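Trainee: Sequence first, then the predicted structure, then my questions.
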Amino acid sequence: MKVIINCQEYPDFEFEKKILSVELPGVEIAESRTMDQAEFIRVARGAVVAMVQYISITPRVIDALPECRGYIRNGVGYNNIDTLHAARRGKFVANVPDYCIDEVSNHALAMMLALNRRLRQSMQLVQADAYQFEKVCPVIRLADSTLGIVGLGRIGKALAAKARALVRRIVYYDPYVDTHAFAEKFSTLESLFETADNISLHTPLTEETRGMIGAALLHRIKPHGNLVNTSRGGIVDEPALCEMLRSGRPAGAGMDVFADEPVSRANPFLQLENVIVTPHNAWYSEGAMRDVKISWTRQAIQVARGEPPRHNVFNPIPASIKK
């Protein structure tokens, strides 16, 4: 029995290998860091399950590996895997949706607070020996503000719970969540963008959400508003957002994710003083890393044994997809 681990970030796979070796005696473990599909196919041949991070699992890859029963994605998102094609071929696709909830919601909240209090600009004032508070005006009192959350899944709900004591009102847009105990549902993104003072994005990247936050929507943000994105870069029209930030509307943005990563040093967002940028590390803590390593390895073991993984994306596979 063979398992392949393809991951670009971890320095080693010793944690995963130890669990696999105990649970699947005699297992052959292939290690790979390639992003090249042909090289991945070569190394993965014969594997009954693939543990993957960033490599694109396209129909070409899926069809070239008939023995592979499933693909386990190291993380919440799985937009790099053609899930429909995998389902049609009878392959499992699983992710790890229940880790880093605390970390990402904290990161989003930290960005919102920093943007609201204009911390980056304030630090630059001190460095320039300019003690002039008017340079960071206006600052809206957070207790008088409205937080808008786009996507009320696990992380969005965690953010709402943490922000409840800080803001006057919480509103959300999510067509798949009908009600919430204390957050008010908005039926359109337009109304949310016009109402909220701070907006935090927490949606997966799908064909439905790709480019969802476009120029027309961005122009509805209040002049003092802030936008935080810790979900996926492809959701936002980045050139449109950058152009608006240059003009000072919205007032600021916090970005942990971009459409193209790693971010080039020439990226115009890095030149803007009203932007806080982090390197797609909102998910990280030592506890979160341990959680995701355990989960994707345990699910790989389930697939290797012929069982459905705990977080099977299609469970069960819809009849419409089997065609």
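Mentor: Now that the structure is in, tell me what you want to look at.

Trainee: Wait, Gly233 touches Val263, no?
Mentor: No. Judged on CB atoms under 8 Å, Gly233 makes no contact with Val263 at a distance of 9.1 Å. (C-beta placed from N, C-alpha, C; glycine too.)

Trainee: Which residue ranges make up the domains of this structure?
Mentor: As assigned by automatic domain parsing, the chain contains the domains 2-99+286-304, 101-277.

Trainee: would JSON lines of those with distance to Asn312, mean pLDDT and mean neighbour count be doable?
Mentor: Formatted as JSON lines, the domains of the chain follow (distance: least, CB to CB, whole Å; pLDDT from 0 to 100; neighbours: other CB atoms under 10 Å):
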{"stretch": "domain 2-99+286-304", "distance to Asn312": "5", "mean pLDDT": "96", "mean neighbour count": "18"}
{"stretch": "domain 101-277", "distance to Asn312": "16", "mean pLDDT": "95", "mean neighbour count": "18"}
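
Trainee: now the closest residue to Gly248 other than its chain neighbours: how far from Lys293?
Mentor: Using CB to CB, 6 or more residues apart in numbering and skipping the chain neighbours, the partner closest in space to Gly248 is Asn274 (7.1 Å). To Lys293, Asn274 is 37 Å away according to CB to CB, to the nearest Å.

Trainee: Mind listing residues that contact stretch 98-106?
Mentor: With CB atoms under 8 Å, 6 or more residues apart in numbering as the test, stretch 98-106 has contacts from 76, 154-156, 158-159, 162, 202, 230, 282-285, 288, 291-292, 295, 311.

Trainee: So which of these are in helices?
Mentor: Counting by DSSP state H, the contacts of stretch 98-106 place 154-156, 158-159, 162, 288, 291-292, 295 in helices.

Trainee: what's the closest residue to Val177 other than its chain neighbours in contact with, if anything?
Mentor: Of all residues not flanking Val177 in the chain, Leu152 sits nearest, at 4.5 Å (CB to CB, 6+ apart). For Leu152, the contacting residues are 160, 172, 174, 177, 180, 183, 202, by CB under 8 Å, 6+ apart.
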